[in-house]
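Q: Sequence and predicted structure, then a few things I'm wondering about:
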Amino acid sequence: MTAPFKPLIEDALDRFAEEEGVTREEALEIIARDWLIGNGYLRPDDSEEEADG
């Protein structure tokens, strides 16, 4: 999945991915999962189940 972001977001995303040692796609998944859990759209145990299967 690719999405065009503004340059400031692109740079921040690339830094996050590099610091975490993950790909850009994995970084986007981490960010989305954390936001969804934090805002009540996903239960933490649901996200772990998805990662296993």
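A: Arrived safely, thanks for sending.

Q: what's the neighbour count on E26?
A: By other Cβ atoms under 10 Å, the residues close to E26 number 12. The way it works is simple: take the backbone N, C-alpha and C, and place the C-beta from them, glycine included.

Q: Grab the nearest non-local neighbour of it.
A: A17 (7.2 Å; Cβ to Cβ, 6 or more residues apart in numbering).

Q: May I have the residues that are in contact with the one you found?
A: Going by Cβ atoms under 8 Å, 6 or more residues apart in numbering, A17 touches 23-24, 26-27.

Q: Now with 7 Å, please.
A: Neighbour list for A17: 23-24, 27 [criterion: Cβ atoms under 7 Å, 6 or more residues apart in numbering].

Q: do the same with R24
A: Residues in contact with R24 (Cβ under 7 Å, 6+ apart) are 13, 17.

Q: Return the distance of it relative to Y41.
A: Applying Cβ to Cβ, to the nearest Å, the value for R24 to Y41 is 22 Å.

Q: For G21, give its distance to L36.
A: The gap separating G21 from L36 is 22 Å, by Cβ to Cβ.

Q: neighbour-wise, which of those two wins?
A: Neighbour tally, G21 and L36, criterion other Cβ under 10 Å: the higher count belongs to L36, 14 against 8.

Q: Low-confidence regions, the chain specifically.
A: Along the chain, segments meeting pLDDT under 70 span 1-3, 47-53.

Q: Helices of that one, start to end?
A: All helices of the chain, identified by DSSP state H, fall at 7-20, 24-38, 44-52.

Q: how big is the angle separating the longest one from helix 7-20?
A: Inter-element angle recorded for helix 24-38 and helix 7-20: 100 degrees (by axes from the mean of the first three to the mean of the last three Cα atoms, to 10 degrees).

Q: Can you show me the CA trace of helix 24-38 as CSV?
A: Extracted as CSV, the C-alpha positions of helix 24-38 are listed here (Å, rounded to 0.1, in the frame of the first residue of the first chain):
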residue,chain,number,x,y,z
ARG,A,24,7.5,1.6,5.5
GLU,A,25,4.4,-0.7,5.2
GLU,A,26,5.1,-2.2,8.6
ALA,A,27,5.5,1.3,10.1
LEU,A,28,2.1,2.3,8.7
GLU,A,29,0.5,-0.8,10.1
ILE,A,30,2.1,-0.2,13.6
ILE,A,31,0.9,3.4,13.5
ALA,A,32,-2.6,2.5,12.4
ARG,A,33,-3.0,-0.4,14.9
ASP,A,34,-1.8,1.8,17.8
TRP,A,35,-4.2,4.6,16.8
LEU,A,36,-7.1,2.2,16.4
ILE,A,37,-6.4,0.6,19.8
GLY,A,38,-6.0,4.0,21.5
